[in-house]
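Novice: Sequence and computational prediction follow.
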Protein chains: 2
Amino acid sequence: MDYELVDYMEMALNSAELAANRNEVPVGAVIVDTNSGRVVANSGNQMIGRHDPTAHAEMLAIRAAGNMVGSERLVNCDIYVSLEPCPMCAAAISLARIRRLYFGAYDPKGGGVEYGARIFDQPSCRHKPEVYGGIEESKSAALLKNFFQARR
Amino acid sequence: MDYELVDYMEMALNSAELAANRNEVPVGAVIVDTNSGRVVANSGNQMIGRHDPTAHAEMLAIRAAGNMVGSERLVNCDIYVSLEPCPMCAAAISLARIRRLYFGAYDPKGGGVEYGARIFDQPSCRHKPEVYGGIEESKSAALLKNFFQARR
């Protein structure tokens, strides 16, 4: 079976939902090897569970994919994230040499791609992935809204 | 025995040297619990060894310290890094709520504190540590220079 862009984003949204069930902010990330179409990593936020401020979905997925691929460079890989990555994760995506970034909801307050530090637009940024935002945006936004409303 | 600022930076420089011995770019990071004066993490770069583009010294130290302290927030901790952190690591230091950042050499090409994305100066940055750069700067710069010269 051939998966499409929206299928991979659905997988990331599923990981985001699982994160919410663990009381973590619902964000999920999937990394795909574009040569084989295989999912090489699929992670959700785990900052609280792991006592680790760096355990954002994207970071866990990049670490797992590097381990799976056997290299610190993920040159043939694309990443699907349910929310616009923060500056830490955007910089990690660049360091990992990921080919394309697909993300769901935009994040004006915490994002580091289209907002804030705009990591890929810095002259010192050595690798800029192709970026596609707003994929399945409303589903991602609804997950986040429900999560924060339930906790108020 | 009471340690001082320069002692902690010497520990970070020592971890940087050990990284060079493993053929990793020589950067080291030490995290200190300021209540006890205890070193809670001491790491060097491991990107190549771990197949992990996120395995910068600062990231490994933050992850180890969070695990040691049992929290994703390192509110009473200071970090000593031999080189100006990159944007990924600067953003992680902010997310970890680290109190003070002491760093060695400035990094005009790859730094994200005084150069490039200037992570802590972004209006969307929620926590800005106090920053002190240039501590034992020449030792850190010499380590990096020797490392790259030997590999040319």
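Specialist: That came in fine, so what should we check first?
Novice: CA only for contacts and neighbour counts going forward, please
Specialist: Fine.
Novice: Next, count neighbours for the closest residue to residue A:46 other than its chain neighbours.
Specialist: Leaving aside its sequence neighbours, residue A:46 sits nearest to residue A:55 (Cα to Cα, 6 or more residues apart in numbering or on different chains; 5.4 Å). Residues within reach of residue A:55, counting by other Cα atoms under 10 Å in any protein chain shown, total 22.
Novice: ok, and residue A:55, which helix or strand is that part of?
Specialist: Secondary structure from DSSP states H and E places residue A:55 outside every helix and strand.
Novice: Low-confidence ranges, chain A, go.
Specialist: Along chain A, the model assigns pLDDT under 70 to residues A:1-2.
Novice: Longest helix in it, please.
Specialist: Counting residues, the longest helix found in chain A (DSSP state H) is helix A:5-21.
Novice: now residue A:124: how far from residue A:84?
Specialist: Remark: distance between residue A:124 and residue A:84 (Cα to Cα, to the nearest Å) = 21 Å.
Novice: between these two, who's got more neighbours?
Specialist: Between residue A:124 and residue A:84, counted using other Cα under 10 Å, the more crowded position is residue A:84 (28 against 16).
Novice: so that one touches residue A:109, yeah?
Specialist: No. Residue A:84 is beyond contact range of residue A:109, at 10.3 Å (criterion: Cα atoms under 8 Å).
Novice: Run through the residues of chain A sitting next to chain B.
Specialist: Counting by Cα under 8 Å from any Cα of the partner chain, chain A comes close to chain B at A:47-48, A:50-54, A:59, A:62-63, A:66-67, A:70-73, A:87-92, A:95-96, A:109-110, A:116-119, A:122-125.
Novice: Show me which of these are buried.
Specialist: Among these, those buried by neighbour count (16 or more other Cα atoms under 10 Å in any protein chain shown) are A:47-48, A:50-54, A:59, A:62-63, A:66-67, A:71-73, A:87-92, A:95-96, A:110, A:116-119, A:124-125.
Novice: Now go through the residues you listed and say which are in helices.
Specialist: A:47-48, A:50, A:59, A:62-63, A:66-67, A:87-92, A:95.
Novice: Restrict stretch A:64-79 to CA atoms and write it as PDB.
Specialist: What follows is stretch A:64-79 as a C-alpha-only set of coordinates in PDB (Å, rounded to 0.1, in the frame of the first residue of the first chain):
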ATOM      1  CA  ALA A  64      15.100   7.200  17.000                       C
ATOM      2  CA  ALA A  65      15.500   7.700  13.200                       C
ATOM      3  CA  GLY A  66      19.200   8.300  13.500                       C
ATOM      4  CA  ASN A  67      19.500   5.100  15.500                       C
ATOM      5  CA  MET A  68      17.400   3.200  13.000                       C
ATOM      6  CA  VAL A  69      19.200   4.600   9.900                       C
ATOM      7  CA  GLY A  70      22.700   4.300  11.600                       C
ATOM      8  CA  SER A  71      23.700   7.900  10.800                       C
ATOM      9  CA  GLU A  72      23.400  11.300  12.400                       C
ATOM     10  CA  ARG A  73      22.300  12.600   9.000                       C
ATOM     11  CA  LEU A  74      18.700  11.900   7.800                       C
ATOM     12  CA  VAL A  75      19.300  13.100   4.200                       C
ATOM     13  CA  ASN A  76      16.600  11.000   2.600                       C
ATOM     14  CA  CYS A  77      14.000  11.600   5.300                       C
ATOM     15  CA  ASP A  78      10.900  13.800   5.600                       C
ATOM     16  CA  ILE A  79       9.300  14.800   8.900                       C
END
